[in-house]
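Asks: here is a sequence with its predicted model. Questions after.
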Amino acid sequence: MSSDDALKRIKNKPLPRHIAVIMDGNGRWAKKRGLPRLFGHRAGTQSVREAVKVCGELGIEVLTLYAFSTENWVRPKTEVNALMGLLSKMLSSEISELDKNNVRLMTVGRTHELPPKVQDDLRKGIEKLKHNTGLTLNLALNYGGRQEIVDAIKKIQKLGIKNIDEKNFSDYLYTAGLPDPDLMIRTSGEMRLSNFLLYQLAYAELYVTETLWPDFRREHLYKAVEEYQKRERRFGGT
Ligand code: FPP
C-alpha cells in the first residue's frame, strides 16, 4: 500500500483536530546503535520536522509535542543541556521553514524556569510566527499535567473566581483556547501517560506504537490517524 493511497483514505474521513505526541525512545534508538543518547535526540529532531510538515499538509489544527517534562530535570546535566541546546538550535534554524508552512508556535509548561537563552528563542519564534493561520505547533516544555492543574487552581484563587465548572476550568489551563486532543500518540511501546495533558486527554483516543521516535515518519503518522478513524468515539454515550 503506497503512502498516497493512505493519504487519500485519510482525507476522506474526519480528521483529529488536535494530535498530541509523547516522543519516546530516543535513548533506546541511540543505544541500539552504540551511540550516546544525544544522537537519539538529534535524530528525533528529523521526526519532529516531518510530523509538523505532515500535520500541516493534513490540515490538523494543533500538534502538541512533549519535548521536556518537569521530571526530565533529573537526567544527567549533560543530557539536559544538550536537549536545551537542540531546542535553541531548532528554533533558530527552523523558524523560516515553519513560517513558510504557515505554522504558529506556542508552548505549555513552566517555561519561565527554562534557561534564559531558550526562553528568549521561544519568545522570538512565537512573535515571528504569530500571524500565521495554519497548524499550531504547541511545545510542551518543562511541562507536567499535575503542575498544570495546580497552576490553574492557583490562577483561579488569585482571580477570586467562584463559578468554576468542567467547561470553564479549561480556560485556566495552559492550553486555554485549544481544542482537547482527539488522538494521543506514544512511540516506543510504553503504555503510560507520564503526566501528559491529564485533564485534556479525558476522551482522547490513545495510540501506542513500538516504533521509536527517531524512526517515526510520515507513514507511521498516517497509520496512527487511520487507526483513529476506525475507532468509534462515544464520549460515554451509546
Ligand atoms: C524521550 O526519549 C524524548 C525526550 C525526553 C525529548 C524529546 C526531544 C526531541 C525529540 C528533540 C528536540 C525536540 C524539539 C521539539 C526541538 P527518551 O530519552 O526518554 O528515550 P528512552 O526512553 O529510549 O531512553
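Replies: Yep, it's here.
Asks: which residues touch the residue minimising distance to the centre of the chain?
Replies: For the chain, the residue nearest the mean C-alpha position is residue 65 (1.5 Å; CA atoms, centre = their mean). For residue 65, the contact set (CB atoms under 8 Å, 6 or more residues apart in numbering) comprises 20, 21, 23, 48, 51, 137, 138, 139, 140. All C-beta spots, glycine's among them, are computed from the backbone N, C-alpha and C.
Asks: give the pairing partners of whichever strand or helix holds it; include direction for each.
Replies: Residue 65 belongs to strand 62-69 when assigned by DSSP states H and E. In the sheet, strand 62-69 lines up against strand 18-22 (parallel), strand 136-143 (parallel) (DSSP bridges).
Asks: next, format the ones you listed as CSV and append mean neighbour count.
Replies: Converted to CSV, those look like this (neighbours: other CB atoms under 10 Å):
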stretch, mean neighbour count
strand 18-22, 25
strand 136-143, 24
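Asks: these: which one's closest to the ligand?
Replies: strand 136-143 (5.5 Å; CB to the nearest ligand atom).
Asks: for the closest one, what is the distance to the chain centroid?
Replies: 6 Å (CA atoms, centre = their mean, to the nearest Å).
Asks: right, and the helix or strand after it?
Replies: Criterion used, DSSP H and E; the element after strand 136-143 is helix 145-159.
Asks: now for residue 186, how many residues are close by?
Replies: 24 (other CB atoms under 10 Å).
Asks: what are the bridge partners for it, then?
Replies: Going by DSSP bridges, residue 186 forms beta bridges with residue 22, residue 208.
Asks: ranges for the strands of this protein?
Replies: In the chain, the segments counted as strands under DSSP state E are 18-22, 62-69, 104-108, 136-143, 183-186, 205-208.
Asks: can I get those strands in CSV with distance to residue 88 and mean pLDDT?
Replies: Supplementary listing: the strands of the chain in CSV, determined by distance: least, CB to CB, whole Å; pLDDT from 0 to 100:
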stretch, distance to residue 88, mean pLDDT
strand 18-22, 21, 98
strand 62-69, 12, 98
strand 104-108, 13, 98
strand 136-143, 12, 98
strand 183-186, 25, 98
strand 205-208, 30, 98
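Asks: make TSV out of those strands and add distance to residue 153.
Replies: Formatted as TSV, those follow (distance: least, CB to CB, whole Å):
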stretch	distance to residue 153
strand 18-22	22
strand 62-69	20
strand 104-108	16
strand 136-143	17
strand 183-186	24
strand 205-208	26
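Asks: if we can go back for a sec, next, the buried residues of the strand holding residue 65.
Replies: 62, 63, 64, 65, 66, 67, 68, 69 (16 or more other CB atoms under 10 Å).
Asks: ok, and does that strand reach over to the ligand?
Replies: Yes. Residues of strand 62-69 are located near the ligand by CB under 6 Å from any ligand atom, namely 65, 67.
Asks: quick one: that strand to helix 145-159, angle?
Replies: 100 degrees (axes from the mean of the first three to the mean of the last three CA atoms, to 10 degrees).
Asks: give me the angle between strand 62-69 and strand 104-108.
Replies: 40 degrees.
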